[in-house]
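> Got a predicted structure plus its sequence, pasted below:
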Amino acid sequence: MSQQSSPQSLKPPMNPYAVLAIAIILPGMGQVLNNTVKRGLLMVTFMAVLGYFTAQVADPSVSIIGRYAGGFFVYAISVMDAYYWAKFRLNLFNQGR
């Protein structure tokens, strides 16, 4: 016989602001904290690939932000994605209580 966990025993998801802070410091970890490990790995991979690509095609006189603009772009999307999914998960958890 399998044991079903009752709604009272479910662990709430992390605070979205904590996920946001961790996602800013450690790229891809926000998705991992939201239980989407593959998505986190995908984000980090695209950050590295696009950062490398833009570094190869950018003019040497471009600033470091411009040189790695592709990676920074995916990084920004990754941070926003982690925050919004954490917020969505918390709202979903609170509605089920």
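Ah, there it is. Numbering: from 1, shown residues only.
> OK, contacts around residue 74?
43, 46, 47, 50, 51 (CB atoms under 8 Å, 6 or more residues apart in numbering). C-beta: built from backbone N, CA, C; applies to glycine.
> Just the strands from the protein, written as ranges.
With DSSP state E as the definition, the chain shows no strands.
> Show me what counts as buried in the lowest-mean-pLDDT helix or strand in it.
Using mean pLDDT, DSSP states H and E, helix 64-67 stands out as the lowest-scoring helix or strand of the chain, at a mean of 92. Buried residues in helix 64-67, counted by 16 or more other CB atoms under 10 Å: residue 67.
> how far is that helix from where the chain is centred?
Counting by CA atoms, centre = their mean, to the nearest Å, helix 64-67 is centred 22 Å from the centre of its parent chain.
> among the contacts of residue 74, who's most crowded?
With neighbours set by other CB atoms under 10 Å, the maximum within those is found at residue 43, which has 25 neighbours.
> Report the spatially nearest residue to it, omitting neighbours in sequence.
Sequence neighbours aside, residue 78 is the residue nearest to residue 43 in space, at 4.2 Å (criterion: CB to CB, 6 or more residues apart in numbering).
> Mind picking the two most distant members of the contacts of residue 74?
Spatial extent of these (CB to CB) is set by the pair 43 and 51 at 12.1 Å.
> hmm, back to that, TSV for the contacts of residue 74, including distance to residue 68 and pLDDT?
Supplementary listing: these in TSV, determined by distance: CB to CB, whole Å; pLDDT from 0 to 100:
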residue	distance to residue 68	pLDDT
43	15	95
46	13	96
47	9	96
50	8	96
51	4	94
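> which one of the residues you listed sits closest to residue 70?
When those are compared for distance to residue 70, the smallest value, 3.0 Å, is given by residue 50; criterion: CB to CB.
> So the closest one versus residue 41, what's the distance?
As defined by CB to CB, to the nearest Å, residue 50 lies at a distance of 15 Å from residue 41.
> now the helices: where do they sit in the chain?
Ranges of helices in the chain, per DSSP state H, are 16-25, 29-33, 37-57, 64-67, 69-95.
> Save those as TSV, and put in distance to residue 10 too.
What follows is the helices of the chain, written out as TSV (distance: least, CB to CB, whole Å):
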stretch	distance to residue 10
helix 16-25	17
helix 29-33	16
helix 37-57	20
helix 64-67	42
helix 69-95	7
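> Many thanks, have a good one.
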